[in-house]
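no letters, just coordinates:
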C-alpha cells in the first residue's frame, strides 16, 4: 500500500488550485478602497436580483439590461487583460487606480451605458427602432457586442468568443458558405438590429434565465454552504460510507452527490470536498491519480444532480416550456446511475488492492453531526418543497435564501453575522459573472442561428451524413441486422456526442448545451427523438468534458490536490465516468428512464433501470479487471460486450445477458476459492 506523504493543503493553496484550473475564478487583486467599492457593487447586484425576483415588477428587457450591465461592468473590474494568477495586490502603476487600469475602467463604464441604453428607451420608441435602427443604435449595439466578446474572453477564455466570431462571419458572408449552409447573408446593420434590438440575441433567453433564475440559485448555494450545509453533507458521507473497504473513496462519492444538490460547479465541488477526501484516499492506499480521479468524476455529477443541476436546467425550462420539477424528475435516475457506476468501480478497486475503511476514531459521530447541523437542512427542504409544489424556480429560490439567512442568524453553530452575510452576497454575485458573460455571448450565437436558420441546416447535414454512413454499415453482415434508420440514429448520436465533448473542452457546460442543442434538437427531431431526450443528451455530454482529456479541468484541479500526473488523472476520471457516457444512449433508446416522457410506463422504467444498472456494473467490472479475483483479458472483454446486452432496452436482451454472464461469475468464484486455498 502506498502512503500519503503530501501535507494537507492550506486554504490559500486550495484557492490557488481553484484559480489555476477555473478561469471563472481568476479575479485580479485590487487595492482596499476600490476593492470595497467592487464589493459594494457585488452586494448591490445580489440585493437587486433578490428584490426583483421576490418583490419587484420590472419590465423583462429592463431586468435583462440591468443584469448585463452588472455582469459585464464587473467583469472588466475583476478580470484583467491577462489571466490573473496572483492573489496579492501590488502597488498600482501610473495608469492604474487600485490595480485596475484606466482603460478597464472606461470599458466598464461603456459596457454599463451601452447595456442600459436600450432598456431605458420608452417602449413605444423601442418598438419603432426594431427593424429600422438609428445610427446611434448601431454604434451602441456594436460597442456592446465587442465589449461582450472581450468580457467573455477574460472571464471564460478565448474559445467561446472565437466561436461567436465564426458565427458572425457566417451571418455576414452566407452567400459564400458551402453546400447546405449557404444562405442570403445579412449586413452589419441587420446583424446588430437582430442581436441588439430584439430579444433573439444578447438580450435573449440565455441572459434572461441567468437574470431570473440562475443568479438566485448560485446565491442560495453560497449561503447554504456558509451556514453549514456543506459540512453536514461531508460528515454524513463519512458516517454512511467511511467504515467500508476503501471508505474515503466512497465518502468522496457520497459527499460529492450531496454537495451537488446545492452546487452545480464541477471544479468548486472538487476543491471543496477533495481537500478532505483525496488525502484520506491516499492514506488508506489508493494511488494518487486514482484518488484525484474519483473526486473529479464524483464532483462532475453535481451538474446533473437535482435540485440545482446548473444553469442548463433553467434554460431547459424556458426552451421546453415545462415545469422545473419535471426537469428535476427527469434528471434524478440518470444522476443516480452516474454515482452507481463510480461506486462499483471504486469498490472493486478497493477489493483488488485490499484497502481498509476508516477506523471508528477517524469517523464523526452521527448523532453529534445531526445535532450540530440539522438546522442547515431547512433551507434545502423549503427549496425542494416549493419546486415540487409547482411554484416558479425564482419563488422557491427567494424563500430558500430567506431561510438560509434566518437559520444562519439563529443557528448557534456556524452562526451568520452581518459581515458574513455581506461576504456571502458578494461571493454569490462574483460566482455568477463568468457564466453571465458566457450567456451574453451565447446569445450572439443563438441570434445568428435564428437569423440564418443554420440550426436546421446543420441538423440536416448531421442526419444526412449519419444516414449515408448507416447505408454503408447496413450492407455489411452482421451489421445488416439493424435497419438504415437505426444506424442513422446511432451515428447521429455519436456525432453529436463527439461535438459536445469537443466543444465542452473549451467553454462552459451551459454554453455548450445552448449552442449544440440548436443543432441536435432539429437533427434528432427528424429521427423521432422527443425534445426533452434531445436536450438531456446534449447536456450530459457537455458535462462529460470536465473529465475528458486533453482538457479535463475538474480532473486537473483534483490532480493539483493529489499531487498526481494531470493527464493520467484525467484518463482515469474518464474511465470512472464511463457510466455517464453510456446513460444518455440508454434514455434515448428507452426514454422511460427520464420519467416524464410521452408513453411512460412503470414496467418500461424498471426494465430500463435494472438493465442499465446491470450493464454499468458489468462494464465497471471489465474496466476494473476484478470481480472476486483478478481477470484475464478475455474475461474483461466478455464482461464489456455483455454490458451492451444489459443496456439495450428490453427484457429479452437482459435475459440473454444474464445467461451469458453467469458462467463468468461462477468462474470468478472458483478463481477466488482457488486463491484462498
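Sure, I can see it. Quantities reported herein were computed from a predicted structural model and do not represent experimental measurements.

and the closest residue to residue 591 other than its chain neighbours, which of the three is it?
Ranked by C-beta to C-beta, 6 or more residues apart in numbering and with sequence neighbours excluded, the top spatial neighbour of residue 591 is residue 597, at 3.8 Å. Bear in mind the C-beta positions are built from the backbone N, C-alpha and C, glycine included. Judged by DSSP: H, G, I helix; E, B strand; the rest coil, the three-state class of residue 597 is coil.

do you know how far residue 597 is from residue 586?
The spacing between residue 597 and residue 586, counted by C-beta to C-beta, to the nearest Å, is 13 Å.

settle it for me: which of these two has more neighbours?
Relative neighbour count places residue 586 above the other of residue 597 and residue 586, with 26 against 20, counting by other C-beta atoms under 10 Å.

now residue 626: how far from residue 349?
Where residue 349 is concerned, residue 626 sits at a distance of 8 Å (C-beta to C-beta).

next one: residue 246
For residue 246, the distance to residue 349 under the criterion C-beta to C-beta works out to 7 Å.

which neighbours do those two have in common?
With contacts taken as C-beta atoms under 8 Å, 6 or more residues apart in numbering, residue 246 and residue 349 have 286, 355 as neighbours in common.

quick check: buried residues in stretch 421-432?
For stretch 421-432, the neighbour count (16 or more other C-beta atoms under 10 Å) marks 421, 423, 424, 425, 426, 427, 428, 429, 430, 431, 432 as buried.

also stretch 137-151?
137-138, 140-145, 147-151.

what's in contact with it?
Residues external to stretch 137-151 that are found in contact with it (C-beta under 8 Å, 6+ apart): 71-72, 75-76, 79, 107, 110-111, 113-115, 117-118, 129, 133, 161, 164-165, 188-189, 192-193, 195-197, 202, 437, 440-441, 444.

which helix or strand in this structure has the lowest average pLDDT?
Per-element confidence for the chain was summarised using mean pLDDT, DSSP states H and E. The lowest value among helices and strands belongs to helix 11-21, with a mean of 65.

list the buried ones in the helix or strand just after it?
As assigned by DSSP states H and E, the chain's next helix or strand after helix 11-21 is helix 32-54. Neighbour counts using 16+ other C-beta under 10 Å place 34-35, 38-39, 41-43, 45-46, 48-50, 52-53 of helix 32-54 among the buried residues.

kindly reformat those as JSON lines containing pLDDT.
Compiled in JSON lines, those are given as follows (pLDDT from 0 to 100):
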{"residue": "34", "pLDDT": "91"}
{"residue": "35", "pLDDT": "90"}
{"residue": "38", "pLDDT": "94"}
{"residue": "39", "pLDDT": "95"}
{"residue": "41", "pLDDT": "96"}
{"residue": "42", "pLDDT": "96"}
{"residue": "43", "pLDDT": "96"}
{"residue": "45", "pLDDT": "96"}
{"residue": "46", "pLDDT": "96"}
{"residue": "48", "pLDDT": "95"}
{"residue": "49", "pLDDT": "95"}
{"residue": "50", "pLDDT": "94"}
{"residue": "52", "pLDDT": "92"}
{"residue": "53", "pLDDT": "88"}
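
check those residues and tell me the two furthest apart.
With distances taken as C-beta to C-beta, the most widely separated pair in the buried residues of helix 32-54 is 34 and 53, at 28.9 Å.

can you give me the strands in the stretch 151-300 of the chain?
For the stretch 151-300 of the chain, no strands turn up when DSSP state E, counting those that start in this stretch is the criterion.

can you give me the helices in it?
If DSSP state H, counting those that start in this stretch is used as the criterion, the helices of the stretch 151-300 of the chain fall at 159-172, 188-196, 205-209, 215-226, 229-241, 247-259, 266-284, 288-300.

list the buried residues for the longest one?
This points to helix 266-284. If you call a residue buried by 16+ other C-beta under 10 Å, then helix 266-284 has these buried ones: 266-284.

OK, contacts around residue 37?
Neighbours of residue 37 in contact, by C-beta under 8 Å, 6+ apart: none.

scratch that, residue 611 is what I was asking about
Neighbours of residue 611 in contact, by C-beta under 8 Å, 6+ apart: 586, 646, 647, 648, 649, 650, 653, 654, 657.

pull out the buried residues from those.
With neighbours counted by 16+ other C-beta under 10 Å, these contain buried members at 586, 646, 647, 648, 649, 653, 654, 657.
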